[in-house]
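>>> Next one to model:
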Amino acid sequence: MIREYRFGDQKQIAELFYTTVQTVNAKDYSKEQLDAWINGNTEPAIWHQRLAKKYSLVAVESEKIVGFGEIDQYGYLGHLFVLPGYLRKGVATALCERLESLGGKCITTHASITARPFFEQRGYTVIKKQQVWRKGVCLVNFVMVKTIDG
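Numbering: from 1, shown residues only. All right, here's what the predicted structure looks like:
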């Protein structure tokens, strides 16, 4: 089931983010990079502040949040994360389809190395590769864009 984010979801989302980055992204980023990425992003209150300002969705199975995503009013898809055990089961696709339907004619995201193939399969094009610095550590991601027809 996909529903809108609500207050009370932030603890599970913080845990989901931590687990996903540490496991799924570990094949493409070093331990030092993963730690820098996670640093400061595990506090539930921070997640609530981020997600409450945007159109945010959660995927739920048996009352457990298994994925989440958000998009802002300008079509920037900022986060899309799914628990490791739920990858390749349509969760990210379902979340992304709903988010894209609300993002206007042009959707932009900054995709990790890990997420890039998913977004390419959805019709996103790499605009540029970039280096993002967190806590003095360089992380590579890709600015990607998708034009929505109709």
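>>> Can you give the distance of stretch 98-107 from its chain's centre?
Taking the mean of its C-alpha atoms, stretch 98-107 sits 15 Å from the chain's own mean (C-alpha atoms, centre = their mean, to the nearest Å).
>>> ah, wrong one, I meant stretch 65-78
Relative to the chain's own centre, stretch 65-78 is displaced by 7 Å; criterion: C-alpha atoms, centre = their mean.
>>> Contacts made by that stretch with the rest, please.
Contacts of stretch 65-78 from elsewhere in the structure, counted by C-beta atoms under 8 Å, 6 or more residues apart in numbering, are 5, 9, 12-13, 16, 50-51, 53-60, 79-83, 85-86, 91-92, 95-96, 99-100, 102-110. Just so you know, the C-beta spots here come from the backbone N, C-alpha and C atoms, and that holds for glycine as well.
>>> try 6 Å
Around stretch 65-78, the neighbours that count as contacts under C-beta atoms under 6 Å, 6 or more residues apart in numbering are 12-13, 51, 54-59, 79-80, 82-83, 86, 91, 95, 99, 103-104, 106-109.
>>> Please list only the buried members of those.
In terms of neighbour count (16 or more other C-beta atoms under 10 Å), the buried residues within the contacts of stretch 65-78 are 12-13, 51, 54-59, 79-80, 82-83, 86, 91, 95, 99, 103, 107-109.
>>> Out of those residues, name the ones that lie in helices.
Assignment to helices by DSSP state H places the following of these there: 12, 13, 51, 91, 95, 99.
>>> quick check, nearest of those residues to residue 114?
Nearest to residue 114 among those, counting by C-beta to C-beta, is residue 91 at 15.2 Å.
>>> what about the closest residue to the closest one other than its chain neighbours, distance to residue 35?
With C-beta to C-beta, 6 or more residues apart in numbering as the criterion, residue 91 has its nearest non-adjacent residue at 4.3 Å, and that residue is residue 67. Using C-beta to C-beta, to the nearest Å, residue 67 is found at 23 Å from residue 35.
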